[in-house]
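1. make a model of this:
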Amino acid sequence: MADQATAAGRGASSSGSALSFLFDPKIRGIFFQVVLLLSLVFFFWWIVDNTATNLAEQDKRTGFGFLSEKANFAILTTPGTWLFEYQSGESTYWDVFLIGIVNTLSVAVLGIIAATIIGFVLGVFRLSSNIVLRGFATVYVELLRNTPLLLQFFVWYKVLGEFLPDRRGEPWDILGVFTLDKSGLRGPFPYPQDGFELVLIAFALSVIGAILLGRWAKWRQDATGKPFPSFWVGAGMIVLIPITLFYALGAPLEWEEPVRGRFGFRDGAGMVMKPEMFAVWLALTLYTAAFIAEIVRAGILAINKGQTEAAHALGLRAQPTLNLIIIPQAMRVIIPPLTSQYLNLTKNSSLAVAIGYTDLYSLLGTVNQKVGQEVEIILMVMAVYLTFSITISLVMNWYNKRIALVER
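-> All right, here's what the predicted structure looks like:
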């Protein structure tokens with residue numbers, strides 16, 4: 001009997017330890033994570049297999065082999081065509097893909113730069129004691145922020161079409177270098193010659209030198225308290241060194257001028273930016289600037305008034321107080337929502353297809369009509385926009401971390 005009780009006790013003990021093993025939170029967590037991972041793998045495998053089966057039943061080809069085929073449609077003159085020299089019937093769909101990336105990236109980068117400058121100025125104007133500046137900024141923000149972006153695309157495209165001179169008439173002269181009419185902004189196009197790569201290398205080294213100089217100046221000021229004009233010295237390095245080398249090498253850069261014929265400028269000569277690109281850039285810039293202005297205003301208001309009062313007590317005027325005290329602290333509040341606006345501007349550029357600008361979405365839509373491979377086209381569009389978004393987020397997060405307060 002004693003042996004039976006001992007055996008029963010051992011069985012109960014082993015059963016209890018097994019149950020305790022199964023109900024261990026760590027083991028249970030790993031188990032459910034593995035189940036979730038396997039479920040996701042199965043789900044995506046099912047999606048891929050089901051898609052491949054349906055495409056095979058419809059006798060549609062798969063893969064990205066179509067990128068090496070010749071593209072037989074025209075593309076309006078845009079920044080991408082300058083880089084890849086696109087020719088219908090000669091260039092491939094891969095060239096079209098690269099042109100679409102450059103066109104989208106051009107509008108996004110130019111829009112981000114311009115919208116940031118305008119937005120910061122308007123954000124400061126919103127808090128100005130000058131009633132004219134404050135009223136103008138308020139009307140601008142409320143009007144553009146509450147108007148659909150697509151409508152603004154059409155408005156600016158119509159405005160440019162109505163007010164610009166006809167291509168057969170006399171174009172507007174800009175600084176004696178560029179001309180502007182309904183056919184677009186035209187100017188000389190640069191063609192690098194032998195030795196120009198050395199100028200680019202000198203420019204890159206000058207930028208690196210300016211960054212190192214700034215760090216040395218900061219270390220010197222922390223150690224000795226003596227400031228050093230690193231900004232102006234670094235800017236001088238970046239400008240003067242490449243220019244000096246450029247002329248020392250005999251100016252290895254040729255400019256192709258636009259050619260004007262009887263019925264206006266000839267396509268293919270010089271540089272040209274079509275009105276569609278201007279309309280897209282203006283709409284994206286002015287629309288996003290309205291949101292950035294509100295972000296800047298909120299960031300400035302988030303700084304305690306005591307900071308301004310302390311600066312004025314030290315004898316600083318309003319402008320140095322804003323530039324040296326308020327804005328640097330407000331940037332910690334401004335950067336996170338500003339990142340979202342940059343992402344929105346980049347993704348909203350896909351609306352440019354509405355007015356005929358040949359961005360990535362528009363060009364790949366045309367390619368899809370030619371080759372009929374919807375799945376691959378969608379994956380390519382998703383991959384590009386995802387890459388743009390992740391890159392912007394990483395850069396802005398790095399900057400946000402760099403300016404964050406360091407606690408001791």
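
2. so what touches stretch 229-243?
-> With contact meaning Cβ atoms under 8 Å, 6 or more residues apart in numbering, stretch 229-243 is reached by 199, 202-203, 205-207, 209-211, 213-214, 216-218. Placement of C-beta: from N, CA and C, glycine included.

3. would you turn those into TSV with secondary structure?
-> As requested, those are exported to TSV (DSSP: H, G, I helix; E, B strand; the rest coil):
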residue	secondary structure
Val199	helix
Ala202	helix
Phe203	helix
Leu205	helix
Ser206	helix
Val207	helix
Gly209	helix
Ala210	helix
Ile211	helix
Leu213	helix
Gly214	helix
Trp216	helix
Ala217	helix
Lys218	helix
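
4. quick one: which of those residues is most hemmed in?
-> With neighbours taken as other Cβ atoms under 10 Å, the top of these is Val199, carrying 22 neighbours.

5. okay, now the unreliable bits of the stretch 151-300 of the chain?
-> Applying pLDDT under 70 to the stretch 151-300 of the chain flags the ranges 261-269.

6. can you give me the strands in it?
-> Secondary structure of the stretch 151-300 of the chain, counting by DSSP state E, counting those that start in this stretch: strands at 172-174, 178-181, 184-187, 189-192, 253-256, 260-261, 264-265, 271-273.

7. looking at those, which is nearest to Ile403?
-> Distance to Ile403, taken as Cβ to Cβ, is lowest for strand 271-273 among the strands of the stretch 151-300 of the chain, at 34.8 Å.

8. which elements pack onto the closest one?
-> With contacts defined as 3 or more Cβ pairs under 8 Å, 6 or more residues apart in numbering; DSSP states H and E, strand 271-273 has these neighbours: strand 184-187.

9. roughly how far is the strand it packs on from the heart of the chain?
-> Mean C-alpha position of strand 184-187 versus that of the full chain (Cα atoms, centre = their mean, to the nearest Å) differs by 24 Å.

10. against which helices or strands is it packed?
-> strand 178-181, strand 271-273, helix 275-301.

11. out of those, which comes closest to Ile75?
-> Of all these, helix 275-301 sits nearest to Ile75, with 11.8 Å by Cβ to Cβ.

12. helices and strands around that closest one, which ones?
-> Counting contacts by 3+ Cβ pairs under 8 Å, 6+ apart, helix 275-301 packs against helix 93-125, helix 131-145, helix 149-163, strand 184-187, helix 327-348.

13. between the two ends of stretch 350-360, how far is it?
-> With Cα to Cα, to the nearest Å as the measure, stretch 350-360 spans 7 Å from end to end.

14. give the buried residues for it.
-> In terms of neighbour count (16 or more other Cβ atoms under 10 Å), stretch 350-360 has its buried residues at 351-353, 355, 357-360.

15. switch those residues over to CSV; also include distance to Glu57.
-> CSV is the format used below for these (distance: Cβ to Cβ, whole Å):
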residue, distance to Glu57
Leu351, 35
Ala352, 36
Val353, 31
Ile355, 38
Tyr357, 37
Thr358, 34
Asp359, 33
Leu360, 30
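
16. noted, bye for now.
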